[in-house]
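Engineer: Kindly generate the corresponding structure for this input.
(chains A and B)
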Amino acid sequence: MNLSETQIDLLKETFNIGVGQAAASLSELAGGEEIMLSVPTLEFKTLQELETDIRHSSGDQVCGVSETFRGPFDGTAMMLYSEEESLELVKIMLGETIPVEELSEMEGEALTEVGNIVLNAVISALADLFESEIITEVPLLHTGECAHVLEKTLGDGTGRAVLHLQMDFSLASQNLEGHIGFFLDVASVDTLVAQLEHYFRKMLES
Amino acid sequence: MTTVLIVDDSKAARMMLKHWIKAIRPDYQCREAGNADEALQQVPNLGERPVIILDYNMPGRNGIELAHELVPGIPPDRIALCTANIQDAVKAKAENLGLGYMRKPLNPKKVKDLFEALESGS
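Structural biologist: Got it, this is the predicted structure:
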């Protein structure tokens, strides 16, 4: 699938706006810690290529919270970190409110909630931008081998290609980073691009 | 003539902003830069009291880092940070430098309000 330079620019900028707004929620959850964001990247990838990239950035064992969404365009949003980082994140979020021995018990629940808040913030920002409703399913947490997490999140898809939009985040004062990604099936990319171009034209007429 | 320099890595974002500025200030001249280095190259040629609008999240140096290099050569009240990143920490950095602040996504009303605020100080 070929996208023009302007279409890629619009996709990245829109995603940047969504994640930028979500960073405020993430910062609030982290007790006001500043969240640093990377610039967005956009790539078409097969699921195998995606797995190789994730192994490279987050290691073999990962933790991902995902939400599928549908509306003017359909896809899956995911927050992903390495397994060690996920426990660190929970410690920062829950701070001293929970005794250490109960932390790992709470880990799954806390991570799912963090994912839910952040992913919904991104999706809501996009829905507002397009003045339409995007329906999200409940957040799902998957941990373990990278391939397993990806299969659980995106389904089995040997050779299937997805559009992957990603931004990395890190906490300014901690050695902790994670990724926020959007995965769109190629069929949905056309719809999204058409929406973006419509939005862009409307803005220029206003 | 007042010159406005728009610094944003997104060409689409620059186009929209330029379009709205032209609508409210037809006599202003708009220039564009895609990153901090391109912006700094243009600064010596912007004339008297230019207005500079900076995106925050850009490849290389971000908008706040660039603002640190622009001030005091450009008065901070002629610079505005434009970002979707609405974290208190980012807002505080803009305020500490005395910059204007505009939240993305932009629209004509936000741009008009920004120019009125920038000019009320001049």
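Engineer: contacts for the host helix or strand of A:His56?
Structural biologist: In the assignment (DSSP states H and E), A:His56 maps to helix A:47-58. Residues outside helix A:47-58 that contact it (C-beta atoms under 8 Å, 6 or more residues apart in numbering or on different chains) are A:45, A:62, A:80-82, A:85, A:146-147, A:150, A:154, A:157-160, A:162, A:164, A:168, A:179. Using the backbone N, CA and C atoms, a C-beta is placed for each residue, glycine as well.
Engineer: again, but for stretch B:31-40
Structural biologist: For stretch B:31-40, contacts defined as C-beta under 8 Å, 6+ apart pick out B:3-9, B:11, B:14, B:18, B:41-42, B:46, B:52, B:54, B:58-61, B:65-66, B:69-70.
Engineer: Let's see that with 7 Å instead.
Structural biologist: Residues from elsewhere that reach stretch B:31-40, judged by C-beta atoms under 7 Å, 6 or more residues apart in numbering or on different chains: B:3, B:5-7, B:9, B:14, B:42, B:58-61, B:65-66, B:69.
Engineer: which residues of chain B fall in strands?
Structural biologist: Applying DSSP state E to chain B gives strands spanning B:3-7, B:29-33, B:51-55, B:79-83, B:100-103.
Engineer: could you pick out which of the contacts of stretch B:31-40 are near chain A?
Structural biologist: B:Asp9, B:Met58, B:Pro59 (C-beta under 7 Å from any C-beta of the partner chain).
Engineer: so what's the backbone phi/psi at the second one?
Structural biologist: Backbone torsions of B:Met58, given as degrees, to the nearest 10, read phi -130, psi 150.
Engineer: so what pLDDT did the spatially closest residue to it that is not a sequence neighbour get?
Structural biologist: In space, and not counting its chain neighbours, B:Met58 is closest to B:Asp9: 4.5 Å by C-beta to C-beta, 6 or more residues apart in numbering or on different chains. pLDDT recorded at B:Asp9 is 93.
Engineer: And for B:Asp9, the neighbour number?
Structural biologist: 22 (other C-beta atoms under 10 Å in any protein chain shown).
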